[in-house]
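*Asks:* Sequence below, structure please.
(2 chains)
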Amino acid sequence: LARTTQPISMDSYEGQEVNITCSHNNIATNDYITWYQQFPSQGPRFIIQGYKTKVTNEVASLFIPADRKSSTLSLPRVSLSDTAVYYCLVGPTSGTYKYIFGTGTRLKVLA
Amino acid sequence: EPEVTQTPSHQVTQMGQEVILRCVPISNHLYFYWYRQILGQKVEFLVSFYNNEISEKSEIFDDQFSVERPDGSNFTLKIRSTKLEDSAMYFCASSEIGLAGGQTDTQYFGPGTRLTVL
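*Replies:* Residues are numbered from 1 along each chain as shown, chains lettered A, B, ... in the order given. Have a look, this model is predicted:
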């Protein structure tokens, strides 16, 4: 399974755009990139998923360069409620059904 | 929006007791998972389940653990004889088509059950 590397923590201020970059150098051809958000004592919540180029939904954008060895989650105009841990996951690979969570990026949004 | 539900939200038990954690996956989903998260640590995969059998399990999922889909809606995780180190948040997840080569899918997680073993 492809390993991911993310910054351990980030601070931002309300109203700013936050970009969290994830490195996944050994991503496989069939792997997709998925981002989850987790608040304390809650289950991970799906944010966005993509394979290549750019994906946008109502809460975030995901930028994936042509080589797919990294990806960037972009959160526009964050608020205090966006304070959470953000996980970058890559998968699947053939025959496996599990997500491997890393330590994620702890985002703290300040007033 | 459909969601995964879990009961109870908090379970306290004595060491050595059996516990059953319950989950109701999203209704049209076919793949089910249990993960756990010890306080302050990573989310860890325990087991995946499809077509009434285990698809994959981690080394954490030893003989003390079992899963079952007793009816068309529930998915349960049983711990036969709890240990102190089983204290954690347990998350159930479900997906529509599972993760397999050439396909993609999204796992939707429940709110979790906090298990405290005394």
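*Asks:* Do a quick rundown of the strands in chain A.
*Replies:* Taking DSSP state E as the criterion, chain A carries its strands at A:9-13, A:18-23, A:32-38, A:45-50, A:53-56, A:61-64, A:70-75, A:84-91, A:105-110.
*Asks:* Chain B: which of those is closest?
*Replies:* Closest approach to chain B among the strands of chain A (CB to the nearest CB): strand A:32-38, 4.4 Å. Where you see a C-beta, it was placed from the backbone N, CA and C, and this is true even at glycine.
*Asks:* What's the mean pLDDT across that closest one?
*Replies:* Strand A:32-38 shows a mean pLDDT of 93.
*Asks:* contacts for that strand?
*Replies:* Contacts to strand A:32-38, defined as CB atoms under 8 Å, 6 or more residues apart in numbering or on different chains, come from residues A:22, A:24, A:27, A:44-51, A:60, A:62, A:64, A:68, A:71, A:73, A:84-92, A:99, A:104, B:43, B:104, B:106, B:109.
*Asks:* quick one on the thing from earlier: include mean neighbour count when you put the strands of chain A into CSV, please.
*Replies:* Shown next, in CSV, are the strands of chain A (neighbours: other CB atoms under 10 Å in any protein chain shown):
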stretch, mean neighbour count
strand A:9-13, 13
strand A:18-23, 18
strand A:32-38, 23
strand A:45-50, 18
strand A:53-56, 13
strand A:61-64, 19
strand A:70-75, 20
strand A:84-91, 23
strand A:105-110, 17
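*Asks:* Report the beta-bridge partner residues of the spatially most central residue of chain B.
*Replies:* Closest residue to the average C-alpha location of chain B: B:Trp34 at 2.5 Å, with CA atoms, centre = their mean. In this entry, B:Trp34 is beta-bridged to B:Val47, B:Cys92, by DSSP bridges.
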